[in-house]
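Undergrad: sharing a model prediction with you, sequence too.
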Amino acid sequence: MKLAVLGLGCWGLVLTKLLTDNFDEISGWSRKEDLPRELLLYKKTTKPFEVQLDDKVEITSDLKSAIKDAEIILLVVATSAVRAVCRALKEAGINDEQILVNASKGLEQGTLKRMSEVMKDELPNQTIAVLSGPTLALEVLEGQPTAACVAADDTEVAKKVQTALAVKNKFRLYTNDDMIGVELGGSLKNVIAIAAGFIDEMRFGDNSKGALLTRGMAEIVRVSVYLGANPSTLWGLSGMGDLIATCSSSLSRNNTVGRMLARGKKIDEILSELGSVAEGVKTSKAICELADKINIETPISKAIYKAVYSKENSREIFLELMNRALKGEETFVKKS
């Protein structure tokens, strides 16, 4: 079998290394301008951490060559690039039987669509799946035991990807047929992770953190279920599992954004220092627009959006959440 990995950022490189032994052939693709000389010549990178790829990995900027004869294609580009890459895949001759697996978490700006919806817009007959869960890249690179889920409308497609990508002792995968829930859980938790980083830096305490995770999950469930997700999906790996990991770990880029906001830094400076994509920043804008559109309350997400994009005092923005009108706690979420 052949695997193609499109997008050689942190997660793309880690997945390439992790899955090398699972496939007879493996190719890694990135735009020519995004391929560092070190990676092209030595199949090695040192930023943001060191990754040494196997000799059998082909590094290329030729998309047609990268996907040729690949049974599985992993799409690991920034969410803002997914539509453009899908258009390029069409031109490069992707066939409908090749399984295109999205591993990026976020919503498209403007359309507010999930990544699988964007993929179907551009490749309407393509076989599609989604990979999501608590997958901090550095821990996966170090070989720490990790579990995630593969979602697809067709259970057999999900099982095929599950079998192909699972790695003994390192990468355990579960299947799921709820693509809506898996994608929204993985996307919306990034916004809550920014708030978690802020709380950590401000030393608001564990009570605050527990409240944040719980009320943040309530927002994720409200939006996701309204849009057609199965509530139980959000208590799984791509929901609660991913939320706990990203809100608890300093390895999370979104958590790091929150901590830097608490230090008084502005978002442009933060993203420049970070040097990589933190999807929660753009998702905070998208979820607020989406929540307004469907008339659902998302106070934590709105606070993050305000803290990221306004000049107001971030500490005061977060404390305002404590002084909202008192209300009852949800006891059950019904699917709309």
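TA: Received the coordinates, thanks. Residues are numbered from 1 along each chain as shown.
Undergrad: pull the longest helix from this protein.
TA: Longest helix in the chain by number of residues (criterion: DSSP state H): helix 179-202.
Undergrad: off-centre distance for that one?
TA: On the basis of C-alpha atoms, centre = their mean, to the nearest Å, helix 179-202 sits 10 Å off its chain's mean C-alpha point.
Undergrad: could you dump it to PDB, C-alpha only?
TA: The C-alpha atoms that make up helix 179-202 are tabulated as PDB, following Å, rounded to 0.1, in the frame of the first residue of the first chain:
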ATOM      1  CA  MET A 179     -18.700  12.900  11.000                       C
ATOM      2  CA  ILE A 180     -20.500  16.000  12.200                       C
ATOM      3  CA  GLY A 181     -19.900  15.400  15.900                       C
ATOM      4  CA  VAL A 182     -16.300  14.300  15.300                       C
ATOM      5  CA  GLU A 183     -15.400  17.300  13.300                       C
ATOM      6  CA  LEU A 184     -17.200  19.900  15.500                       C
ATOM      7  CA  GLY A 185     -15.800  18.400  18.700                       C
ATOM      8  CA  GLY A 186     -12.300  18.600  17.400                       C
ATOM      9  CA  SER A 187     -12.700  22.100  16.000                       C
ATOM     10  CA  LEU A 188     -14.600  23.900  18.800                       C
ATOM     11  CA  LYS A 189     -12.500  22.600  21.700                       C
ATOM     12  CA  ASN A 190      -9.600  24.600  20.300                       C
ATOM     13  CA  VAL A 191     -11.400  27.800  21.300                       C
ATOM     14  CA  ILE A 192     -12.000  26.500  24.900                       C
ATOM     15  CA  ALA A 193      -8.300  25.600  25.000                       C
ATOM     16  CA  ILE A 194      -7.300  29.300  24.500                       C
ATOM     17  CA  ALA A 195      -9.500  30.100  27.600                       C
ATOM     18  CA  ALA A 196      -7.800  27.300  29.500                       C
ATOM     19  CA  GLY A 197      -4.400  28.700  28.800                       C
ATOM     20  CA  PHE A 198      -5.500  32.100  30.000                       C
ATOM     21  CA  ILE A 199      -6.800  30.600  33.300                       C
ATOM     22  CA  ASP A 200      -3.600  28.700  33.800                       C
ATOM     23  CA  GLU A 201      -1.400  31.800  33.400                       C
ATOM     24  CA  MET A 202      -3.700  33.900  35.600                       C
END
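Undergrad: any idea of the mean pLDDT for that helix?
TA: Per-residue pLDDT over helix 179-202 has a mean of 95.
Undergrad: cool, stretch 251-259 as well?
TA: Mean per-residue pLDDT for stretch 251-259: 91.
Undergrad: if we go by neighbour counts, what in it is buried?
TA: Ser252, Arg253, Asn254, Asn255, Thr256, Val257, Gly258, Arg259 (16 or more other C-beta atoms under 10 Å). Glycine gets a C-beta too; all of them are placed from N, C-alpha and C.
Undergrad: out of those residues, who's nearest Leu237?
TA: Proximity of these to Leu237 (C-beta to C-beta) peaks at Ser252, which lies at 15.7 Å.
Undergrad: nearest residue to that closest one other than its sequence neighbours?
TA: Thr246 (4.3 Å; C-beta to C-beta, 6 or more residues apart in numbering).
Undergrad: then Ala166?
TA: Distance criterion C-beta to C-beta, 6+ apart; nearest residue to Ala166, sequence neighbours excluded, is Leu173 at 4.9 Å.
Undergrad: cool, and Ile300?
TA: Per C-beta to C-beta, 6+ apart, closest to Ile300 is Gly216, 5.3 Å.
Undergrad: the helix or strand harbouring the one you found packs against which elements?
TA: Using DSSP states H and E, Gly216 sits in helix 206-226. Counting contacts by 3 or more C-beta pairs under 8 Å, 6 or more residues apart in numbering; DSSP states H and E, helix 206-226 packs against helix 179-202, helix 242-248, helix 279-294, helix 299-309.
Undergrad: now do it, average pLDDT.
TA: pLDDT averaged over helix 206-226 gives 95.
Undergrad: which of the residues in it are buried?
TA: So for helix 206-226, counting by 16+ other C-beta under 10 Å, buried means 208-209, 211-213, 215-226.
Undergrad: one more: stretch 23-37?
TA: Phe23, Ile26, Ser27, Gly28, Trp29, Ser30, Arg31, Leu35.
Undergrad: so Val281 touches Ile194, yeah?
TA: Yes - contact criterion C-beta atoms under 8 Å: Val281 and Ile194 qualify, at 7.4 Å.
Undergrad: what touches both of these two?
TA: Asn254, Val257, Val308 (C-beta atoms under 8 Å, 6 or more residues apart in numbering).
Undergrad: would you confirm that the last one contacts Ile194?
TA: Yes - look at Val308 against Ile194 with C-beta under 8 Å: they come within range, at 7.3 Å.
Undergrad: identify the residue nearest the geometric centre of the protein.
TA: Nearest to the geometric centre of the chain sits Lys105, at 2.5 Å (C-alpha atoms, centre = their mean).
Undergrad: in a strand, it, correct?
TA: No - assignment of Lys105 by DSSP: H, G, I helix; E, B strand; the rest coil gives coil, placing it outside any strand.
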